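Colleague: next comes the sequence, and after it the predicted model I'd like to discuss.
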Amino acid sequence: MIEYRTLKVALLGAGSVGSQVAKLLLEHGDELASRIGAGLELVGIAVRDVDAPRRADLPRELFTTDARSLILSADIVVELMGGIDPAREYVLLALTSGADVVTGNKALLAEHGPELFAAAEQVGAQLYYEAAVGGAIPIIRPLRESLAGDRVERILGIVNGTTNFILDRMDTAGESMESALAVATELGYAERSDPSADIEGYDAAAKAAIIAGLAFHTSVPLGSVYREGITSVTKEQVDAARAGGYVIKLLAICERVVGEDGVEGVSARVYPALVPREHPLAAVRGVHNAVFVQAAAAGDLMFYGAGAGGLQTASAVLGDVVSAARRHVVGGPGVAESTRADLPVLGAEAVRTRYQITLRVTDAPGVLSRVAATLASHDVSVETLTQTVAHAALASDGQSAGRDAVPGTATLVIGTHVAFESALAATVGALRDSGEVVAVTSVLRVEGA
Ligand SMILES: NC(=O)C1=CN([C@@H]2O[C@H](COP(=O)(O)OP(=O)(O)OC[C@H]3O[C@@H](n4cnc5c(N)ncnc54)[C@H](O)[C@@H]3O)[C@@H](O)[C@H]2O)C=CC1
Ligand SMILES: N[C@@H](CC=O)C(=O)O
Ligand code: NA
């Protein structure tokens, strides 16, 4: 029998993900030892209350409320508490003491990544975070290592399982946002500490900052990520999207852009967008995530799988624990973070995309041409246009058109060619102010077309 040295693993947090990580470490530790060339010993689990009920059946003697002592006794610290404080302090303590850290905490990385990576570099420790984006899906390692020799042009990601789950249930089951969120929370997908992190798009924005930084070798501060959540998405928009051959998805979009002034930079943004039903991202259902990467040499790649869930995410955490442990065995530095390209991160106004604008207008001669002229005067060109008069809309689709359809008015759905966000904003402002537009009922970007 081979005698392995034993590496001490400390776990911080025993919630949805942490309890599954503990369970897998206890059940499969021996098998992992043969893959690593060292044994792994779970030396303790820091919790707030040792007697709190747990999802997994774990030995009580492992629990402690003394996180600091536990951290200082470990070779590898796994942070799965979530939130910024005290996670930041604990991760810094672990790194400065020379331990490698594995975390799934995207909020912490997006807000304090540079500080944590600098602390790690100073002592030659490593920070691993595969679980932070796309849960179980390998995406951090592919961006950091497999695609390091290529030029990533664009990433479209469904990176929040909770919002994908909610939008999917609104689309396929007609469920309300609130009841779908309650199910997502019960299943352990939603951020318990702050459900608004999911539905307001903060969680996806943190992930966008992380993947944009890795893909473009540039520091992308969380504050530079344009963000809209799904709270303003209406049932009418979901139904109209379906009727028009689209599905609404909350997308994280990271791409190289050239602004109106010719400045080259990168953009990271999160918003609900119309995705054509034939795009591979449209088929991503429920809590699943997918990251669609377009690279100069590799072409289109899609990474797909479970983006949330305790057991699934634990797989990514364990993979990182194995990487950290192997590094302890062989020594030497791990893969360093690279921000050498140092591209400017441009604001949303520098982005060019297609839009779908839905207007309720007075049904009178000349209105259509005046609306078209307003778009043209802002350099926004019309690609498609459909008009439905109120009585027809009520007869054919009473549920979706009922609220907005008013006799004497017509609904215009305008699909635009690619336009700058700033031009679109000015166009929508002018349409709102024009006498014949009764209401701008929906403005959505179209991505992946
Ligand atoms: N649940 C999921 O599907 C995924 C979660 N993540 C990330 O993994 C991390 C953990 O997520 P979950 O397990 O879902 O969260 P959770 O809320 O289920 O578990 C966190 C646990 O940490 C404990 N905790 C919080 N502060 C503590 C402190 N000061 N000392 C000791 N224990 C403390 C809480 O009591 C709780 O038991 C978060 O950063 C989350 O964003 C990442 C990918 C997927
Ligand atoms: N709340 C997150 C969990 C994983 O990061 C999600 O819904 O995707
Ligand atoms: Na992942």
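Modeller: Structure's in. What do you need? Ligands and ions are numbered 1, 2, ... in the order given.

Colleague: got any ranges where the stretch 51-200 of the chain has weak pLDDT?
Modeller: Along the stretch 51-200 of the chain, no part satisfies pLDDT under 70.

Colleague: now name the helix or strand holding the residue of the stretch 201-350 of the chain found nearest ligand 3.
Modeller: As assessed by C-beta to the ion, ligand 3 sits closest to A316 within the stretch 201-350 of the chain, at 4.6 Å. Using the backbone N, CA and C atoms, a C-beta is placed for each residue, glycine as well. Here A316, judged by DSSP states H and E, is contained in helix 310-330.

Colleague: helices of the stretch 1-150 of the chain, residue ranges please.
Modeller: 16-36, 67-72, 87-96, 106-123, 140-141 (DSSP state H, counting those that start in this stretch).

Colleague: of all those, which one is nearest ligand 2?
Modeller: helix 106-123 (6.5 Å; C-beta to the nearest ligand atom).

Colleague: what's next to that closest one, contact-wise?
Modeller: 79, 82-84, 87-88, 91-92, 95-96, 98, 101, 103, 125-127, 129, 132-133, 197, 202-203, 205-207, 209-210, 213, 219, 222, 336-337 (C-beta atoms under 8 Å, 6 or more residues apart in numbering).

Colleague: quick one on the thing from earlier: what's the most buried one of the helices of the stretch 1-150 of the chain?
Modeller: helix 87-96 (a mean of 21; mean count of other C-beta atoms under 10 Å).

Colleague: counting contacts, what elements does that one pack onto?
Modeller: Using 3 or more C-beta pairs under 8 Å, 6 or more residues apart in numbering; DSSP states H and E as the contact test, the elements touching helix 87-96 are strand 6-12, helix 67-72, strand 76-79, strand 100-103, helix 106-123.

Colleague: what about it, near ligand 1?
Modeller: No: if you take C-beta under 6 Å from any ligand atom as the test, helix 87-96 misses ligand 1, and the best it gets is 7.4 Å.

Colleague: with stretch 270-289 instead?
Modeller: No: Stretch 270-289 stays clear of ligand 1 (C-beta under 6 Å from any ligand atom), getting no nearer than 8.2 Å.

Colleague: which positions in that stretch come out as buried?
Modeller: Buried residues in stretch 270-289, counted by 16 or more other C-beta atoms under 10 Å: 270-275, 279, 281-282, 284, 287-289.

Colleague: same check on stretch 176-187?
Modeller: For stretch 176-187, by 16+ other C-beta under 10 Å, it's M177, A180, L181, A184, L187.

Colleague: domains in the protein, by residue range?
Modeller: 7-133+311-330, 140-307, 351-446 (automatic domain parsing).

Colleague: got those as JSON lines, with distance to P344 columns?
Modeller: Output for the domains of the chain, formatted as JSON lines (distance: least, C-beta to C-beta, whole Å):
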{"stretch": "domain 7-133+311-330", "distance to P344": "17"}
{"stretch": "domain 140-307", "distance to P344": "4"}
{"stretch": "domain 351-446", "distance to P344": "14"}
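
Colleague: so which of those domains gets nearest V345?
Modeller: Nearest to V345 among the domains of the chain is domain 140-307 (4.2 Å), distances taken as C-beta to C-beta.

Colleague: show me what contacts A430?
Modeller: T374, S377, H378.

Colleague: so which of the residues you listed also contact ligand 3?
Modeller: When contact is defined as C-beta under 5 Å from the ion, those do not meet ligand 3 at all.

Colleague: tell me the one of these nearest ligand 1?
Modeller: Closest to ligand 1, out of all of the contacts of A430 and judged by C-beta to the nearest ligand atom, is H378, at 40.5 Å.

Colleague: burial measure for that closest one, as a count.
Modeller: When neighbours are defined as other C-beta atoms under 10 Å, H378 has 19 of them.

Colleague: is the nearest residue to K235 once chain neighbours are set aside in a helix, a strand, or coil?
Modeller: For K235, ignoring the flanking residues on the chain, the nearest one in space by C-beta to C-beta, 6 or more residues apart in numbering is M170 at 6.6 Å. Recorded secondary structure, M170: helix (DSSP: H, G, I helix; E, B strand; the rest coil).

Colleague: quick one on the thing from earlier: which among the contacts of helix 106-123 count as buried?
Modeller: Buried members of these, counted by 16+ other C-beta under 10 Å: 79, 82, 87-88, 91-92, 95, 101, 103, 125-127, 129, 132-133, 197, 202-203, 205-207, 209-210, 213, 219, 222, 337.

Colleague: rewinding a little: nearest to A74, of the contacts of A430?
Modeller: H378 (58.7 Å).

Colleague: so which strand or helix has the spatially closest residue to the closest one that is not a sequence neighbour?
Modeller: Setting aside the residues directly before and after it, H378 is nearest to T427 in space (C-beta to C-beta, 6+ apart), at 4.3 Å. Assigned by DSSP H and E, T427 belongs to helix 421-433.

Colleague: pLDDT on that helix, on average?
Modeller: Helix 421-433 carries an average pLDDT of 94.

Colleague: again with stretch 20-28
Modeller: Mean predicted confidence for stretch 20-28 is 96.

Colleague: contact partners of it?
Modeller: By C-beta under 8 Å, 6+ apart, stretch 20-28 touches 9, 11, 14, 32, 40, 42, 45, 56, 58-59, 62, 78, 80, 310-311, 313-314, 317-318, 321.

Colleague: can you turn the buried part of those into a PyMOL selection?
Modeller: In PyMOL, this line selects whichever of those come out buried by 16+ other C-beta under 10 Å:
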select buried, resi 9+11+14+32+40+42+45+56+58+62+78+80+310+311+313+314+317+318+321
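
Colleague: and the gap between L222 and V413?
Modeller: Remark: distance between L222 and V413 (C-beta to C-beta, to the nearest Å) = 35 Å.

Colleague: could you do S16 as well?
Modeller: To V413, S16 is 41 Å away according to C-beta to C-beta.

Colleague: same question for A110.
Modeller: A110 sits 36 Å away from V413, going by C-beta to C-beta.

Colleague: ok, back up a step: buried sites along the helix holding T427?
Modeller: For helix 421-433, burial by neighbour count (16+ other C-beta under 10 Å) applies to E421, S422, A423, L424, A426, T427, V428, L431.

Colleague: can you check the pLDDT for whatever residue of the chain ends up closest to ligand 1?
Modeller: Scanning the chain for the residue nearest ligand 1 gives G15, at 1.7 Å (criterion: C-beta to the nearest ligand atom). We have a pLDDT of 94 for G15.

Colleague: was I right to think it contacts L80?
Modeller: Yes: if you go by C-beta atoms under 8 Å, G15 and L80 touch, sitting 6.8 Å apart.
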